[in-house]
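[1] give the three-dimensional model of this entry:
(one chain, ligands or ions: 1)
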Amino acid sequence: MPLSTTVNIRSRSLAIGRGDTTHHFDRSGRLTFSTRPGETIRRSLDDRALRVTASAGARDYEQLSARDKERWYTGAIALAAEARGQDADPVTSAWLARIATQTPWRLAGDAEAFARVYLPVSILPPDQYHALVVQVSHGCSYNRCLFCDFYRDRPFHVKTPAELGAHIDGLREFFAERLADRSGVFLGDGNALVIPTGKLLGMMDVLRREFGPIADPFSTFMDTFTLDHKTRGELADIRAAGLTTVYSGLETGSDRLRAVLRKPGTAVEAADALNLLKATGFRLGVIVIVGVGGPQFAAEHLQDTLDTLRSVNLTRQDIVFLSPFVDPGLSDFDDAVRRGLLSRFGDEEVGPELARWRRALAGLPARVTTYSLKEYMYW
Ligand code: SF4
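    Take a look at the predicted model:
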């Protein structure tokens, strides 16, 4: 018996399923992700495709080749074309017609269109993938952490009003009708809170006027040592202006490891900064890097990080992200390993180490969740 095709309109997508496979399309008709048991393929806004397969508790990641990506697109679009012949509902029919216009060739054009608006959106917290990223600044004002290659391709720069205006125009053109499906504005790149307060508040004001409810709430990254640039009163003003969540890389509570990683400031200073943010009413996303430093730091890294997190007034609203270490492939990192300053876990040791951290941090008042850099894409 032939398999039947099901079509469902959800709040932000149209889902077409046949057998154990479901394809999801956004309101412009672009394919966004597909699922089948044990496998998900997601498409990024800049037209990359990531396949995640899960088996026996482990996950594998594969960027699809151009050929495999085209095959994926073609299969999903063909299924939509078949469904188009069957469905009489006008809303669904119009959606299916839009899918037919998003050919593999046209989808490939998103890579160039994205690059016209954005410098690479190198990383986002996993609960911000559906935000509208606005690059009010580029890069990181510090840019020297040993494990971080996110912004080595660009100098730190705060956009001028004219540059921000052009960026906003570009965002409108790029997202078009898809803007309606973004929720919240993420202020990029690496630590937008260093922007002088008056200027930052002015930028938020412009964004609220331009994007209305989408710009509610704001969130951003901030490194604990850059908080010196803000008084308590300034932080309160930024919070009152709608920036609700600050994501911050604590990375480790071990001062010895922090020094090797070239992370400025002590763990106590980092905890003080996080407590100041909590006292000012921000929700926190605190990122720690599981496995960084390797076996030689494992016990100290876990214990000191746990102690530091316990000294922060975390609540159930906050999230602690356990981010398994990913080797940045940087020559200075390799050099530090060669000199014996730190080491690396083997691939087979990463899973057990993550499980150990999960158990150790389970008693914290915040939610504790995994933040896999390998799964990241802005989509
Ligand atoms: S970890 Fe944060 S502070 Fe360090 S270089 Fe990367 S973005 Fe900058």
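[2] what helix or strand does the residue of the stretch 151-300 of the chain found nearest the ligand sit in?
    With Cβ to the nearest ligand atom as the measure, Gly190 is the residue of the stretch 151-300 of the chain nearest to the ligand, at 3.6 Å. In this view, the C-beta of every residue, glycine as well, is placed from N, C-alpha and C. According to DSSP states H and E, Gly190 maps onto no helix or strand at all.
[3] in three-state terms, label the residue nearest to it when sequence neighbours are not counted for me.
    Closest residue to Gly190 apart from its sequence neighbours, by Cβ to Cβ, 6 or more residues apart in numbering: Cys140 at 3.3 Å. Classification of Cys140 by DSSP: H, G, I helix; E, B strand; the rest coil places it in coil.
[4] ok, then the element right after the strand or helix carrying Ala299?
    Counting by DSSP H and E, the element that carries Ala299 is helix 298-310. Downstream of helix 298-310, the first helix or strand assigned by DSSP H and E is strand 319-324.
[5] contacts for that next one, please.
    Here strand 319-324 makes contact (Cβ atoms under 8 Å, 6 or more residues apart in numbering) with 125-127, 247, 284-291, 309, 314, 350, 353-354, 357-358, 361, 364, 366-373.
[6] run the last query once more with 6 Å
    285-287, 289-291, 350, 354, 357, 366-368, 370-371 (Cβ atoms under 6 Å, 6 or more residues apart in numbering).
[7] Gln135: which of the residues you listed is nearest?
    Among the contacts of strand 319-324, Gly285 lies closest to Gln135 (Cβ to Cβ), at 19.2 Å.
[8] which strands and helices sit next to the helix or strand containing Val350?
    Applying DSSP H and E as the criterion places Val350 in helix 347-361. The contact analysis (3 or more Cβ pairs under 6 Å, 6 or more residues apart in numbering; DSSP states H and E) places helix 347-361 against strand 283-290, strand 319-324.
[9] quick one: it to chain centroid distance?
    22 Å (Cα atoms, centre = their mean, to the nearest Å).
[10] next one: stretch 121-130
    Distance, centroid of stretch 121-130 to centroid of chain: 2 Å (Cα atoms, centre = their mean).
[11] same thing with stretch 21-31?
    Per Cα atoms, centre = their mean, the centroid offset for stretch 21-31 relative to its chain is 21 Å.
[12] end to end on it, go ahead and measure it.
    One end of stretch 21-31 to the other measures 14 Å (Cα to Cα, to the nearest Å).
[13] what's in contact with the helix holding Val350?
    Val290, Gly291, Leu302, Leu306, Leu322, Pro324, Phe345, Val368.
[14] what lines up beside the next helix or strand after that helix in the sheet?
    Once helix 347-361 ends, the next helix or strand along the chain (criterion: DSSP H and E) is strand 367-370. Each strand paired with strand 367-370, and its direction, by DSSP bridges: strand 319-324 (parallel).
[15] give the other helices and strands that the helix or strand just after the partner strand contacts.
    Note on strand 319-324: by DSSP H and E, the next helix or strand toward the C-terminus is helix 331-338. Helices and strands touching helix 331-338, as assessed by 3+ Cβ pairs under 6 Å, 6+ apart, are absent.
[16] so, in contact with the ligand or not, helix 331-338?
    No: if you take Cβ under 6 Å from any ligand atom as the test, helix 331-338 misses the ligand, and the best it gets is 12.0 Å.
[17] which residues does that helix contact?
    Leu146, Leu342.
[18] pull the distance from it to the chain's centre.
    That offset, for helix 331-338, works out to 27 Å (Cα atoms, centre = their mean).
[19] okay then, goodbye and thanks.
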